[in-house]
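Engineer: Kindly generate the corresponding structure for this input.
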Amino acid sequence: MFRLAFLASALVLSTLPAAAQEQPTLTIYTYDAFAADWGPAPGLKAGFEETCGCTVNFVAADSSIGALRRVQLEGDTTEADIVLGLDTAVVGEARATGLFAEHGVDTSRLSLPQDWSAPDFVPFDYGYFAFVYNTETLPEPPTSFEALAGDDEDLTIVIQDPRSATPGLGLVLWLKAAYGDDTNEAWADIAPHVLTVTSGWSEAYSLFLNGEADMVLSYTTSPAYHIIAEDDDRYAAAPFTEGHYAQIEVAGILKSSPHQELAQDFLSYMLTPEAQENIMMTNWMYPVTDITLPKGFAPPVPADEALLLDADEVTANKNAWIEEMLGALR
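Structural biologist: Okay, the predicted model is just below:
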């Protein structure tokens, strides 16, 4: 009997490593702030792993554009199942790679201020670009690009590189949407106030918080973090008379993923109230479904002040518009 019991125990133990190996790993490429300990990733990982019978692995790049570049280089050999954090400014470029599959997710619960949908990308949050400032050190901030480029020679801003960071590209599109053919002149006027151009958002925001610049390119929702998480109401987003450019963040499933159904389940999970609240309170962006905004969150920009260029127009002209911006800063 002892020998039979021993053999039975040995058989059970010998199967445990194989069973563990059968649990799939869902790999998600995203940007550094999303994957950070204080970002949405830890909560999303824990919530989804409760029911998926899988392991979720977030892999951080310095930006969402960096994540896209990585899967382009890796091609079909990539370990990524999902790229998360692209936005409406780069979905045309991402789609042109041919790397993304149709998501098959029910998006009927979406509630977006702009009429936007796609068969291959699922929105998970949205926001509006804005310049954030400290009300104590800058009590009268500029409230337009014209005022930003005005007579205050000492006013400095920190922005991000449009080739590597979605906020930087957002600023390029914001100016283009506001000024059209006169954008080059607007850039020439703004350029003297640019203290530096960082590769990503985190670096730029840190410079601002350290007092290196008067304003930083960020989002209208950024002050909500300081108000809710830090009980600090010194920071605000300057309302610009030209309006504010919208950013809708999306996630897409790669065709090469061996876990198509699991990836689809994760994108569906991101639209649940639990996940949407987590994203709202850690990524500090607006939810894409109807959940209540907490006190401290500014209401969304009114529809008539929200700017968004056509995706095909952006794809066709983005590189030229970026060169226009870089030329003004040289």
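Engineer: For the rest of this, base every contact and every neighbour count on C-alpha atoms.
Structural biologist: Noted.
Engineer: Tell me if I'm right that Ile120 and Lys255 touch.
Structural biologist: Small correction: residue 120 is Asp, not Ile. No - taking contacts as C-alpha atoms under 8 Å, Asp120 lies outside contact range of Lys255: 10.4 Å.
Engineer: overlap in contacts of those two?
Structural biologist: 100-101 (C-alpha atoms under 8 Å, 6 or more residues apart in numbering).
Engineer: Can I get stretch 111-131 in PDB? Just the C-alpha atoms.
Structural biologist: Taking Å, rounded to 0.1, in the frame of the first residue of the first chain, the C-alpha atoms of stretch 111-131 are listed here in PDB:
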ATOM      1  CA  SER A 111     -19.700  56.400 -25.200                       C
ATOM      2  CA  LEU A 112     -17.200  58.700 -26.900                       C
ATOM      3  CA  PRO A 113     -17.500  62.400 -27.500                       C
ATOM      4  CA  GLN A 114     -16.300  61.900 -31.100                       C
ATOM      5  CA  ASP A 115     -17.900  59.400 -33.500                       C
ATOM      6  CA  TRP A 116     -15.000  56.900 -33.800                       C
ATOM      7  CA  SER A 117     -14.900  53.200 -34.300                       C
ATOM      8  CA  ALA A 118     -12.600  50.700 -36.100                       C
ATOM      9  CA  PRO A 119     -12.800  46.900 -36.700                       C
ATOM     10  CA  ASP A 120      -9.200  46.400 -35.600                       C
ATOM     11  CA  PHE A 121      -8.700  48.700 -32.600                       C
ATOM     12  CA  VAL A 122     -10.800  49.000 -29.300                       C
ATOM     13  CA  PRO A 123     -10.800  52.400 -27.500                       C
ATOM     14  CA  PHE A 124     -10.200  52.100 -23.700                       C
ATOM     15  CA  ASP A 125      -9.900  55.800 -22.600                       C
ATOM     16  CA  TYR A 126      -9.700  59.300 -24.100                       C
ATOM     17  CA  GLY A 127      -8.600  62.800 -23.200                       C
ATOM     18  CA  TYR A 128      -7.600  66.200 -24.600                       C
ATOM     19  CA  PHE A 129      -4.200  67.700 -24.900                       C
ATOM     20  CA  ALA A 130      -3.500  70.800 -22.800                       C
ATOM     21  CA  PHE A 131      -0.700  72.800 -21.200                       C
END
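Engineer: In that stretch, which of the residues would be classed as buried?
Structural biologist: For stretch 111-131, burial by neighbour count (16 or more other C-alpha atoms under 10 Å) applies to 112-113, 120-131.
Engineer: Could you list the domains of this structure?
Structural biologist: 13-126+248-287, 128-246+302-329 (automatic domain parsing).
Engineer: Can I get the ones you listed in JSON lines including mean pLDDT and distance to Gly296?
Structural biologist: Shown next, in JSON lines, are those (pLDDT from 0 to 100; distance: least, C-alpha to C-alpha, whole Å):
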{"stretch": "domain 13-126+248-287", "mean pLDDT": "92", "distance to Gly296": "11"}
{"stretch": "domain 128-246+302-329", "mean pLDDT": "95", "distance to Gly296": "5"}
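Engineer: Nothing else from me, thank you.
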